[in-house]
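Visitor: model the following, please.
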Amino acid sequence: MPQPQGKYTVQKRYFVVLLLAACLLSSCSSIQFAYNNIDYWIRWKLSDYIDLNSQQTLEFQGALNSFFQWHRQTQLPKYADFLLQLADKVDQGQLENPQLAPVEQEVYHFINSASRNAYDLILPIAAQLTPQQVDQLQYNLTKKQQKVLEKWQRSPEKIKRHRDRQIRRESKRWLGSLTEQQKQLIAAWVERIGYNPVLRNEQQLIWQTNAIDLLRQKPEGYLEKLRDLLENPEQLWSEQYREAQKQRKTQARELGEQILSSTSPAQRRHLSKTLRDYAQDFRVLASE
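Guide: Numbering: from 1, shown residues only. This is a model prediction of the structure:
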């Protein structure tokens, strides 16, 4: 399943109907294990970009604790309900002509709700960053972007093969063994869509420059301006990039619909069971 690209790079390319679970699971096969350890992963990833002092570290951990308490109590039950509704639709035969746009909209609603809560908790810590920490953040963000670009430039064909394997692997997680037709659909999609991070890198640099300037200069109302950049990054997109993102979203949705409409009875049973199992995992996590 392609995973999404975007905020918190959770990722990152998506097979729309299963986006929510992919965001929470990453590459782990156990939701409960992944969820219970995701705060460690967040702290580890943050350390790649910036070194917090002891007070900032305590406040950041407190923010994470508050976020996950809220998320367990208010969001996970909604995710479980959502996955059960999807499973019911699978059982009712609605994959013959799947309509993924409404599903995608619901998933974005979940992600945006979680993001807004996270910004409430994290932005006050961002206000405490020193000029040296802001410089460090900018340097590491730029370095990470350059590494991604250089990796693609060295071996675009290798990246293409990796994308094909990744989509197959995630699709297999949800559907079980893939048919030759489904493998061919994925291969054709990867070949047709291609992958060129240059334009994305340019847009990320524009966003990054604006965000870093706010953190460095701290103009009046800068935290709200930073929040606006986080919640609405598309406001800085060029028309070329906006159109490219629109096309990629449409193309990803079409791939998802093609694969789902081609599923066998065994694959639909596998998908329904997986959705229900994950819904149960969310219920258990919500009760802990």
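
Visitor: how long is stretch 172-179 end to end?
Guide: Terminal residues of stretch 172-179 lie 10 Å apart, using Cα to Cα, to the nearest Å.

Visitor: where does residue 219 fall, secondary structure wise?
Guide: Using DSSP states H and E, residue 219 is not contained in any helix or strand.

Visitor: that one: what's it in contact with?
Guide: Applying Cβ atoms under 8 Å, 6 or more residues apart in numbering, we find residue 219 in contact with residue 225. To be clear about C-beta, it is placed using only N, CA and C from the backbone, and glycine gets the same treatment.

Visitor: give me the pLDDT value at it.
Guide: What the model reports as pLDDT for residue 219 is 95.

Visitor: repeat that for residue 25.
Guide: Among the per-residue scores, residue 25 holds a pLDDT of 39.

Visitor: could you dump stretch 281-288 to CSV, C-alpha only?
Guide: Extracted C-alpha coordinates of stretch 281-288, given in CSV (Å, rounded to 0.1, in the frame of the first residue of the first chain):
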residue,chain,number,x,y,z
ASP,A,281,-6.4,-3.6,19.0
PHE,A,282,-7.5,0.0,19.1
ARG,A,283,-10.3,-0.8,21.6
VAL,A,284,-7.7,-2.5,23.8
LEU,A,285,-5.3,0.4,23.6
ALA,A,286,-8.1,2.9,24.4
SER,A,287,-8.9,1.0,27.6
GLU,A,288,-5.4,0.9,28.9
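
Visitor: show the average pLDDT along it.
Guide: For stretch 281-288, mean pLDDT is 90.

Visitor: so which residues make contact with it?
Guide: 30, 31, 32, 35, 36, 72, 73, 76, 77, 79, 80, 83.

Visitor: burial of the second one, as a residue count?
Guide: This means residue 31. If you count neighbours by other Cβ atoms under 10 Å, residue 31 ends up with 21.

Visitor: now it, nearest residue through space, not along the chain?
Guide: Of all residues not flanking residue 31 in the chain, residue 281 sits nearest, at 4.1 Å (Cβ to Cβ, 6 or more residues apart in numbering).
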